[in-house]
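Colleague: what follows is a predicted structure for the sequence shown.
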There are 2 protein chains.
Amino acid sequence: MKGTLWLIPNVLDDGNPTSVLSQCVLEQVRKIRYFIIENEKSARRFLVRAGLKEVLDEIEWGMLNEHTREPELAPLLNPILQGADGGVLSESGCPGVADPGADIVRLAHQSGILVKPLTGPSSVILALMASGLNGQSFAFLGYLPVKPPERIKKIREIEQRSRLHKETQIFIEAPYRNRQLLSDLIQTLSPESWLSVSADLTSTSEYIRTAQVWEWSRKVPDLNKRPAIFLVSAK
Amino acid sequence: MKGTLWLIPNVLDDGNPTSVLSQCVLEQVRKIRYFIIENEKSARRFLVRAGLKEVLDEIEWGMLNEHTREPELAPLLNPILQGADGGVLSESGCPGVADPGADIVRLAHQSGILVKPLTGPSSVILALMASGLNGQSFAFLGYLPVKPPERIKKIREIEQRSRLHKETQIFIEAPYRNRQLLSDLIQTLSPESWLSVSADLTSTSEYIRTAQVWEWSRKVPDLNKRPAIFLVSAK
């Protein structure tokens, strides 16, 4: 009898899992003794706060991050194929959404392992919900190009795509490049387009603003080093 | 001093909010006495189960659904402008994501009202997480066209778009049309493409399967009348 692969959302800020995860989800997490993780330090912190402090020594770990090579994937499922339940835990938010983790889930399906996603924070969905922009159709694009000419070109494409498909376009940036991205967006987008920015979601310093680009140009917040999500909807 | 507009995710199945919402989220919901809702019956059921049974008579309601006309939107914010906290509650899942609710949130931003999204279930994110398909870039398209020729054309477009942008394409259908949609997908998509289907998410009858289209054609589940999410990733 195979185990189940549970997909466990991590906190977005440095907060306590109990503030965003339900009792049922926490009880499920506490039953698991094998975790496939992105980063050991943040995983240990999460599990201690989720109530697994006493059993931390019994836990088996599998590492899954940008350094994991393809041949190392399948062995990660061995404990589950042998009957143990496993949990995939990313560094922040939902595993497999805007981060690694999808490959192991697809492999689990191919191996006939039952996959169960648990409810928790997703910065993409929280930002979309809070933006007030079209949530009936939207696209998440990941990171924009770093080099200025490609980035400006991409911002123009994003606006066109939003207009063409009537879709909210969602993207992210490394926190230390937020300031530059916001400035590029304000300078490149049409003044009539809607721009929403969410930073530090679920934390006490949470910042959420939606306005047309011409309004943003009058008051630009400093988002430097704050994890942020950007949303554009062409008018 | 204006109130805050809280965005409250509802359960996806007919289950108990305590199984998917954290204690902190439930405590916040219990402080609210003004709710902007899509459907009164499901809102009452949610609030009773969330612990507001004793105060149900004190609650003020605002209706926001497909029958709400544009001039009726702004007055919905009046109690909040006058200092009361308000909650937006959809019939299922996250308000404003794949359902109405976005307009009132954008209006709240324009009125200088603080918007706070709460963590809870989103069928789109749960299905994406559980699919094992690319979650680094994805698009949610809403409903497909109902008429067969347009629908087949759209399915081809979806596959092309997934290939072109290396994006997982996510869409939904009215539950009584699931059987037909699944059959159309299996017949229209390339046999090599990945297809994932999630039905009855978070409920005891939860069904999640990811496989290539040629595998689906060998074993077609009956999803009739079960709320489902479809995901396609071209190979």
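Modeller: Now that the structure is in, tell me what you want to look at. Residues are numbered from 1 along each chain as shown, chains lettered A, B, ... in the order given.
Colleague: and the helices in chain A?
Modeller: For chain A, the helices defined by DSSP state H occupy A:23-30, A:40-47, A:78-81, A:102-110, A:123-131, A:148-165, A:178-188, A:213-216.
Colleague: buried set for the second one?
Modeller: Buried residues in helix A:40-47, counted by 16 or more other CB atoms under 10 Å in any protein chain shown: A:42-44, A:46-47. To be clear about C-beta, it is placed using only N, CA and C from the backbone, and glycine gets the same treatment.
Colleague: which one of the residues you listed is nearest to B:Trp194?
Modeller: B:Trp194 lies nearest to A:Ala43 out of those, by CB to CB, at 28.3 Å.
Colleague: that closest one and A:Ile32 touch, don't they?
Modeller: No: using CB atoms under 8 Å, A:Ala43 makes no contact with A:Ile32, being 11.7 Å away.
Colleague: list the contacts for the nearest residue to A:Gly101 once chain neighbours are set aside?
Modeller: With CB to CB, 6 or more residues apart in numbering or on different chains as the criterion, A:Gly101 has its nearest non-adjacent residue at 3.8 Å, and that residue is A:Pro95. Residues near A:Pro95 by CB atoms under 8 Å, 6 or more residues apart in numbering or on different chains: A:7-10, A:88-89, A:101, A:105, B:129.
Colleague: who wins for neighbours among these?
Modeller: Counting neighbours by other CB atoms under 10 Å in any protein chain shown, B:Met129 leads the contacts of A:Pro95 with 31 neighbours.
Colleague: how near is that one to B:Ser137?
Modeller: Per CB to CB, to the nearest Å, B:Met129 is found 15 Å from B:Ser137.
Colleague: before we move on, back to that, using TSV, please lay out the contacts of A:Pro95 together with distance to B:Arg179.
Modeller: Conversion of the contacts of A:Pro95 to TSV gives the following (distance: CB to CB, whole Å):
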residue	distance to B:Arg179
A:Leu7	27
A:Ile8	33
A:Pro9	32
A:Asn10	37
A:Val88	31
A:Leu89	36
A:Gly101	31
A:Val105	26
B:Met129	25
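Colleague: quick one: which of those is nearest to A:Asp222?
Modeller: Set against A:Asp222, the nearest of the contacts of A:Pro95 by CB to CB is A:Asn10 (26.6 Å).
Colleague: and the pLDDT for the residue nearest to A:Gly101?
Modeller: As predicted, A:Pro95 sits at a pLDDT of 94.
Colleague: surely A:Glu167 meets B:Ala139?
Modeller: Yes: with contact defined as CB under 8 Å, A:Glu167 counts as touching B:Ala139 (7.1 Å).
Colleague: which neighbours do these two share?
Modeller: In contact with both A:Glu167 and B:Ala139: A:137-139, using CB under 8 Å, 6+ apart.
Colleague: by neighbours, which of the residues you listed wins?
Modeller: Tallying neighbours with other CB under 10 Å puts A:Phe138 at the head of the shared contacts of A:Glu167 and B:Ala139, with 28 neighbours.
Colleague: mind listing what that residue touches?
Modeller: Applying CB under 8 Å, 6+ apart, we find A:Phe138 in contact with A:128, A:167-170, B:139-140.
Colleague: state the distance from the closest residue in space to it that isn't next to it in sequence to A:Ile125.
Modeller: Closest residue to A:Phe138 apart from its sequence neighbours, by CB to CB, 6+ apart: A:Thr168 at 4.1 Å. Separation of A:Thr168 from A:Ile125 (CB to CB): 12 Å.
Colleague: these two: which has the busier surroundings?
Modeller: More crowded of A:Thr168 and A:Ile125, by other CB under 10 Å: A:Ile125, with 32 against 26.
Colleague: quick check: closest non-adjacent residue to that one.
Modeller: B:Ser122 (4.6 Å).
Colleague: number of residues surrounding that neighbour?
Modeller: The number of residues packed around B:Ser122, counting by other CB under 10 Å, is 26.
Colleague: just the one 10 residues further on next, same as before
Modeller: Taking other CB under 10 Å as the neighbour definition, B:Gly132 ends up with a count of 28.
Colleague: let me see the contact set for it.
Modeller: Each residue near B:Gly132 by CB under 8 Å, 6+ apart is listed here: A:96, A:102-109, A:115, B:196, B:210.
Colleague: worst-scoring helix or strand of chain A, pLDDT-wise?
Modeller: Among the helical and strand segments of chain A, the one scoring lowest on mean pLDDT, DSSP states H and E is helix A:40-47, with a mean of 93.
Colleague: report the angle between that helix and helix A:23-30.
Modeller: 130 degrees (axes from the mean of the first three to the mean of the last three CA atoms, to 10 degrees).
Colleague: other SSEs contacting helix A:40-47?
Modeller: strand A:34-37, strand A:60-63 (3 or more CB pairs under 8 Å, 6 or more residues apart in numbering or on different chains; DSSP states H and E).
Colleague: ok, back up a step: ok, and the most crowded of the contacts of A:Phe138?
Modeller: Neighbour counts for the contacts of A:Phe138 peak at A:Leu128, which has 31 neighbours (criterion: other CB under 10 Å).
Colleague: any idea how far A:Phe46 is from chain B?
Modeller: 14 Å (CB to the nearest CB, to the nearest Å).
Colleague: surely that residue is in contact with A:Asp14?
Modeller: No: taking contacts as CB under 8 Å, A:Phe46 lies outside contact range of A:Asp14: 10.3 Å.
Colleague: tell me the domain ranges of chain A?
Modeller: For chain A, the domain assignment from automatic domain parsing gives the residue ranges A:4-117, A:123-233.
Colleague: tell me where the model's unsure across chain A.
Modeller: Along chain A, segments meeting pLDDT under 70 are nowhere present.
Colleague: quick check: the residue lying closest to A:Glu58 once chain neighbours are set aside vs A:Trp6, distance?
Modeller: Nearest non-adjacent residue to A:Glu58, counting by CB to CB, 6+ apart: A:Arg33, 5.7 Å away. Using CB to CB, A:Arg33 is found at 12 Å from A:Trp6.
Colleague: one more: A:His109?
Modeller: As defined by CB to CB, A:His109 lies at a distance of 14 Å from A:Trp6.
Colleague: neighbours around the spatially closest residue to A:Glu192 that is not a sequence neighbour, how many?
Modeller: Spatially, and ignoring its direct neighbours in sequence, A:Glu192 is nearest to A:Lys235 (4.5 Å; CB to CB, 6+ apart). A:Lys235 has 12 neighbours, counted by other CB under 10 Å.
Colleague: neighbours of A:Asp184, just the number please.
Modeller: As a burial measure, A:Asp184 scores 18 neighbours (other CB under 10 Å).
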